[in-house]
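1. Here is the input, now give the coordinates:
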Amino acid sequence: MKSILSKIFIITALTQIFPIGKSLAQEIYVVANVSIGNPKVSIEDVRALYLNNRMINAIDISLTPIDCPDTQELKDIFYKRIANLSRIELKRHWSRAIFTGKGIPPIVIQREDLIESAVAENPSFIGYLSRKPSHPKVKVLLQIN
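-> Numbers count the residues shown, from 1 in each chain. Now for the predicted structure:
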């Protein structure tokens, strides 16, 4: 009985220190300017855009990906869900791509509200948020859960 209580205590303490449940349940919204229409966008499209700078096939315009800084947990969750990459693996990916001249990482904007504003102001930007957009010129292309 004592060992069961100690295990429960340890698990409870760890979940308080590392609140992993909330981050795993967090919705992520891939957003773009309303002017691009209503294309069907898949996780594969988003992965190709964010990791390979390829165009999304369903859209006739080139989109520029906007990213969160490395310090935000949202970035870790986003890349884990679209490409199963950790922060270290993502850095390794971009180090190789830059060194070989095969890619340029997404533009980094420091805050989520500024990402939404940038997407609203520039029809060629695409980004991701932890909440539904509130700006009338920004729409959700894909919801990732």
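
2. can you map out the strands along this protein?
-> Here the chain has its strands, by DSSP state E, at 28-33, 64-67, 107-108, 125-129, 138-144.

3. Next, count neighbours for the nearest residue to Ile144 once chain neighbours are set aside.
-> The shortest distance from Ile144 to any non-neighbouring residue, by CB to CB, 6 or more residues apart in numbering, is to Ile28 (4.4 Å). For every residue, glycine as well, the C-beta is placed using N, CA and C. By the criterion of other CB atoms under 10 Å, Ile28 has 19 neighbours.

4. picking up where we left off before, can I get the strands of the chain in CSV with mean pLDDT and distance to Lys75?
-> Conversion of those to CSV gives the following (pLDDT from 0 to 100; distance: least, CB to CB, whole Å):
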stretch, mean pLDDT, distance to Lys75
strand 28-33, 96, 10
strand 64-67, 94, 7
strand 107-108, 94, 9
strand 125-129, 96, 9
strand 138-144, 96, 13
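
5. sorry, back to before: what's the distance between the residue nearest to Ile144 and Arg54?
-> Using CB to CB, to the nearest Å, we find Ile28 at a distance of 20 Å from Arg54.

6. which ones are touching Ala97?
-> Gly103, Ile104, Pro105 (CB atoms under 8 Å, 6 or more residues apart in numbering).
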